[in-house]
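[1] Coordinates for the following, if possible.
(2 chains)
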Amino acid sequence: MKRFLERFYLAIIFLFLYAPIVTLIILSFNKSRTRAKWGGFSAKWYLALFDNQSIMEALSNTLFIALVSSLAATIIGTLTCIALSNMKAKARNLFLAVNNIPMLNADIVTGISLMLLFISFGMRFGRETILLAHITFNIPYVILNVMPRFRQLNPNTYEAALDLGASPVYAFFKITLPDIMPGVLAGFLMSFTMSLDDFVITHFTKGAGVDTLSTKIYAEVRKGIKPEMYALSTIIFVTVFVLLLIVNLAPAKERREQAKTKRFSRR
Amino acid sequence: MKNRQSRLLALPFAFWSALFILVPLVMIFYYGLTTKTGQFTLDNFTAITQLEHIKALGLAILLSAVSTAICLVLAYPLAMILSKLGANQSALIVLIFILPMWMNFLLRTLAWQTLLEKTGVINSILRFLHLPALNIINTPQAIILGMVYNFLPFMVLPIYNALIKLDKDVIHAARDLGANSVQTFIKVIFPLTLPGVISGITMVFIPALTTFVISNLLGGSKILLIGNVIEQEFTQTNNWHLGSGLSLILMLFIILNMVLSAVFDRNGEGGMMG
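    Residues are numbered from 1 along each chain as shown, chains lettered A, B, ... in the order given. Below is the predicted model:
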């Protein structure tokens, strides 16, 4: 009975989290232009999507900003973690406290503070200002993912490499980097996701005429969302879902195999 | 890697965070505490006492507090169930909560319009079951629902991380010493996961308190929260000084929250990242 209740509760929460997503996927196949009524099944929005210049431009802006900002954040963040792991606790905690500010601060405050900064620098608002803002809020996600890896690191292997004549840079790439790689990848993926999903900070740091998918959707709210947007979101979501499924099922299988060999070897 | 040179690798970050984190915060203080002609004033700060502003702040506090409470009540049992599923599942569980973020946040929130409308999906189901209709679209309740929907993962993940790190022997010890399951929960499990709970509360309360998007999309743009007021000062009225002054009020709440989580979570145990 308890087991049933637990499963039931999980199902309800799952339904709550995914009902809007299912709704959006269904809407992307709606023949009628408004979301108010169901006009029959149609895949026409998926074709219309690729002819819609402005959506395609917003998509390319979004992907460009997400990719470049998460790459930049991954590099800066990982370098910072190397330095932090060599610092005394006091200095390290100071850095980590500053690093936490964009995480704990409200998006709206981060957004307007960057807007005021760019204005006082006399910068033109456009793709570059969005990019700078996204790098800023992405770095903390990288540092928070990479830093724990450094704590788990065995310092002896790195020092052994140095004793055996490796240069610090060579030893880093051969010894340290493989060990922290899962954290670096997780940080990269998380910041890519955050950049892709961001609206508020982009809203305050974008210029007129430059749109990401989020700001474009926000502008369309009053006059009604174009169905092509539902189609695009469905494509993105399903692609990521399938990719993550493959990535997550593969290691699970590997682990099972490993467990099997371990059992055999113990015999 | 105990050499001094490697510390220089923190320079890009030091430079970046000074320029894009610290200076911008100083800018808010500068704008918030000056007039358009650059004179010092507290007017933008004390403007919060004007009726429309204090109402927007009060409503924001009320709605975000209710949403945070609902998230906590929903998330704790959820995290307990999930933590029992086994350690090798944890990546998958995190994934289930991160995955929705790949569908645009605005679209996901807008989809609740379709679900909640008078002739929407939920009401059609309710009518089919001969149950009374649910008319909450464009009301504060709809905003609460939007907040809970968007921020629930931020409550689940820290609590889940705290629960899977819990030493099972401590629970067994409590049971061996005669505590029943309720006592074990109140005296052992809950206090040990408190850092996760506090972390979850801050991660839900602050974004809920400061949102202007959810109230805009689900509140029918008639319900103004403090976030909406500030956003309008920047994008419509163009009174950056007043907007900054009101943001300073929000920053008070954020700092309070930071202090609170620092006190309860000295070792950084209750984080999102496990």
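
[2] Now do the same for residue B:132: helix, strand or coil?
    Following DSSP: H, G, I helix; E, B strand; the rest coil, residue B:132 is assigned to coil.

[3] Now for it: which residues touch it?
    Counting by CB atoms under 8 Å, 6 or more residues apart in numbering or on different chains, residue B:132 touches residue B:126. For glycine as for every other residue, the C-beta is placed from the backbone atoms N, C-alpha and C.

[4] what's it sitting at in phi/psi?
    Reported as degrees, to the nearest 10, the phi and psi values for residue B:132 are phi -60, psi 150.

[5] Quick check: residue A:175 vs residue A:141, distance?
    Going from residue A:175 to residue A:141 by CB to CB, to the nearest Å gives 25 Å.

[6] Please enumerate the helices of the stretch 101-250 of chain B.
    Taking DSSP state H, counting those that start in this stretch as the criterion, the stretch 101-250 of chain B contains helices spanning B:105-116, B:121-128, B:140-165, B:168-176, B:181-184, B:190-192, B:194-210, B:213-218, B:226-235, B:240-264.

[7] can I get those helices in TSV with mean neighbour count?
    Below are those laid out as TSV (neighbours: other CB atoms under 10 Å in any protein chain shown):
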stretch	mean neighbour count
helix B:105-116	23
helix B:121-128	14
helix B:140-165	23
helix B:168-176	12
helix B:181-184	12
helix B:190-192	13
helix B:194-210	24
helix B:213-218	25
helix B:226-235	23
helix B:240-264	19
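
[8] As a markdown table, the ones you listed with mean pLDDT and distance to residue A:180 would be great.
    Shown next, in a markdown table, are those (pLDDT from 0 to 100; distance: least, CB to CB, whole Å):
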| stretch | mean pLDDT | distance to residue A:180 |
| --- | --- | --- |
| helix B:105-116 | 90 | 30 |
| helix B:121-128 | 85 | 46 |
| helix B:140-165 | 93 | 20 |
| helix B:168-176 | 88 | 29 |
| helix B:181-184 | 88 | 38 |
| helix B:190-192 | 91 | 29 |
| helix B:194-210 | 92 | 24 |
| helix B:213-218 | 93 | 36 |
| helix B:226-235 | 94 | 38 |
| helix B:240-264 | 88 | 26 |
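
[9] Is it possible to get JSON lines of those helices that adds distance to residue A:105?
    Listed next are those as JSON lines, based on distance: least, CB to CB, whole Å:
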{"stretch": "helix B:105-116", "distance to residue A:105": "18"}
{"stretch": "helix B:121-128", "distance to residue A:105": "35"}
{"stretch": "helix B:140-165", "distance to residue A:105": "15"}
{"stretch": "helix B:168-176", "distance to residue A:105": "35"}
{"stretch": "helix B:181-184", "distance to residue A:105": "38"}
{"stretch": "helix B:190-192", "distance to residue A:105": "29"}
{"stretch": "helix B:194-210", "distance to residue A:105": "8"}
{"stretch": "helix B:213-218", "distance to residue A:105": "17"}
{"stretch": "helix B:226-235", "distance to residue A:105": "13"}
{"stretch": "helix B:240-264", "distance to residue A:105": "6"}
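
[10] Go ahead and confirm residue A:204 touches residue A:114.
    Yes - using CB atoms under 8 Å, residue A:204 is in contact with residue A:114, at 6.8 Å.

[11] who has more neighbours, residue A:175 and residue A:141?
    Neighbour count, other CB atoms under 10 Å in any protein chain shown: between residue A:175 and residue A:141, residue A:141 has more, with 28 against 19.

[12] any idea which helix or strand carries that one?
    helix A:127-152 (DSSP states H and E).

[13] Now do that helix: which elements does it pack against?
    Packing partners of helix A:127-152 (3 or more CB pairs under 8 Å, 6 or more residues apart in numbering or on different chains; DSSP states H and E): helix A:53-85, helix A:89-104, helix A:107-120, helix A:177-197, helix A:200-205, helix B:11-17.

[14] Mind listing what's buried along the first one?
    Just to be clear, that refers to helix A:53-85. A:55, A:58-59, A:61-63, A:65-66, A:69-70, A:72-85 (16 or more other CB atoms under 10 Å in any protein chain shown).

[15] for stretch A:14-24, same thing?
    A:17-21, A:23-24.

[16] Closest one to chain B out of those, please.
    residue A:20 (3.5 Å; CB to the nearest CB).

[17] give the contact list for the closest one.
    Taking CB under 8 Å, 6+ apart as the criterion, residue A:20 is in contact with B:103, B:108-109, B:111-112, B:115, B:149.

[18] State the pair within those that is farthest apart.
    Maximum pairwise distance in the contacts of residue A:20, criterion CB to CB, is 14.2 Å, between B:103 and B:115.

[19] Return the residues of the stretch 51-200 of chain B in contact with chain A.
    Counting by CB under 8 Å from any CB of the partner chain, the residues of the stretch 51-200 of chain B lying close to chain A are B:74, B:77-78, B:81-82, B:88, B:91-92, B:95-112, B:114-115, B:117, B:119, B:121, B:149, B:152-153.

[20] ok, now how distant is residue A:84 from chain B?
    Distance of residue A:84 to chain B, computed by CB to the nearest CB, to the nearest Å: 6 Å.

[21] Verify the stated contact: that residue with residue B:6.
    No - in this structure, residue A:84 is not within contact of residue B:6 by CB under 8 Å, at 9.8 Å.

[22] about what we covered before: the helices and strands packed on helix A:127-152: which one's closest to residue B:130?
    Judged by CB to CB, the one of the helices and strands packed on helix A:127-152 that comes nearest to residue B:130 is helix A:177-197, at 39.3 Å.

[23] ok, and what's touching that closest one?
    Contacts of helix A:177-197 (CB under 8 Å, 6+ apart): A:62, A:65-67, A:69-71, A:73-74, A:77-78, A:81, A:134, A:137-139, A:141-150, A:152-153, A:214, B:98, B:101-102, B:104-105, B:273.

[24] can you rerun that using 6 Å?
    A:66, A:69-70, A:73-74, A:78, A:134, A:138, A:141-142, A:145-146, A:149, A:153, B:101, B:105 (CB atoms under 6 Å, 6 or more residues apart in numbering or on different chains).

[25] and what of stretch A:208-226?
    For stretch A:208-226, the external contacting residues (CB under 6 Å, 6+ apart) are A:58, A:61-62, A:126-127, A:199, A:202-203, A:206, B:106.

[26] Farthest-apart pair in those, please.
    So, the contacts of stretch A:208-226 by CB to CB: farthest apart are A:126 and B:106, at 21.3 Å.

[27] Spell out which parts of chain A neighbour chain B.
    Taking CB under 6 Å from any CB of the partner chain as the contact definition, chain A meets chain B at A:6, A:13, A:17, A:20-21, A:23-24, A:35, A:76, A:79-80, A:82-83, A:86, A:98, A:101, A:104-106, A:108-109, A:112-114, A:116-117, A:136, A:144-145, A:193, A:197, A:199, A:214, A:217-218, A:233, A:237, A:240, A:248.

[28] what about residue A:240, how many residues close to it?
    17.

[29] now residue B:89
    Residue B:89: 16 neighbours (other CB under 10 Å).

[30] what does the model give it for pLDDT?
    Looking at residue B:89, its pLDDT reads 71.

[31] go on, residue A:265?
    Looking at residue A:265, its pLDDT is 47.

[32] List the neighbours of stretch B:48-67 that are in contact with it.
    Residues outside stretch B:48-67 that contact it (CB under 6 Å, 6+ apart): B:140, B:143-144, B:147-148, B:205, B:208-209, B:224-226, B:229, B:249.

[33] can you tell me which residue is nearest the centre of chain A?
    The centre of chain A sits closest to residue A:193, judged by CA atoms, centre = their mean, with a distance of 1.9 Å.
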